[in-house]
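Chemist: Give the three-dimensional model of this entry:
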Amino acid sequence: MLARLTDYTWPGNVRELENVIERAVVLCRGDQLSVDDLPDFIHEAAPAEPSSLTFSVGTPLDEVERRLIRETLRHARGDKSVAAQLLGISTRTIYRKLGELE
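Modeler: Residues are numbered from 1 along each chain as shown. As a prediction, the model looks like this:
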């Protein structure tokens, strides 16, 4: 179920997600939510393509770090808290690294 929710682009952002979850809870027939409780437009969402980065051997570590942070921020739509969580570092580290890199 989580994969289906993350595949959808959520143009309405958090409010749309909140409404979908509330609707699913109300219409749920069991004691746990399942994919079947989600609206059809969530079922029809195309799976997100995983992105990857490639680096040449010998690429300086600071360049690898800069590109990884920027790509993660792009994936997180600029949300530094989400990017930091995805990278397994603190938000403060994101701010510090961005300051060092720019």
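Chemist: alpha carbons only for contacts and neighbour counts from here, please
Modeler: Will do.
Chemist: Name the helix or strand for Tyr95, please.
Modeler: helix 91-101 (DSSP states H and E).
Chemist: Please enumerate residues in contact with that helix?
Modeler: Arg66, Ile69, Lys80, Ser81, Ala83, Ala84, Gln85 (CA atoms under 8 Å, 6 or more residues apart in numbering).
Chemist: among those residues, which ones are buried?
Modeler: Arg66, Ile69, Lys80, Ser81, Ala83, Ala84 (16 or more other CA atoms under 10 Å).
Chemist: for the chain, what helix or strand is lowest in average pLDDT?
Modeler: One helix or strand of the chain scores below all others by mean pLDDT, DSSP states H and E: helix 2-7, with a mean of 77.
Chemist: Is it possible to get JSON lines of the buried ones among the contacts of helix 91-101 that adds pLDDT, secondary structure and distance to Tyr95?
Modeler: JSON lines is the format used below for the buried ones among the contacts of helix 91-101 (pLDDT from 0 to 100; DSSP: H, G, I helix; E, B strand; the rest coil; distance: CA to CA, whole Å):
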{"residue": "Arg66", "pLDDT": "85", "secondary structure": "helix", "distance to Tyr95": "12"}
{"residue": "Ile69", "pLDDT": "90", "secondary structure": "helix", "distance to Tyr95": "10"}
{"residue": "Lys80", "pLDDT": "88", "secondary structure": "helix", "distance to Tyr95": "8"}
{"residue": "Ser81", "pLDDT": "88", "secondary structure": "helix", "distance to Tyr95": "10"}
{"residue": "Ala83", "pLDDT": "88", "secondary structure": "helix", "distance to Tyr95": "11"}
{"residue": "Ala84", "pLDDT": "89", "secondary structure": "helix", "distance to Tyr95": "9"}
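Chemist: For those, work out which two are farthest apart.
Modeler: The largest separation in the buried ones among the contacts of helix 91-101, counting by CA to CA, is between Arg66 and Ser81 at 16.6 Å.
Chemist: Understood, closing this out.
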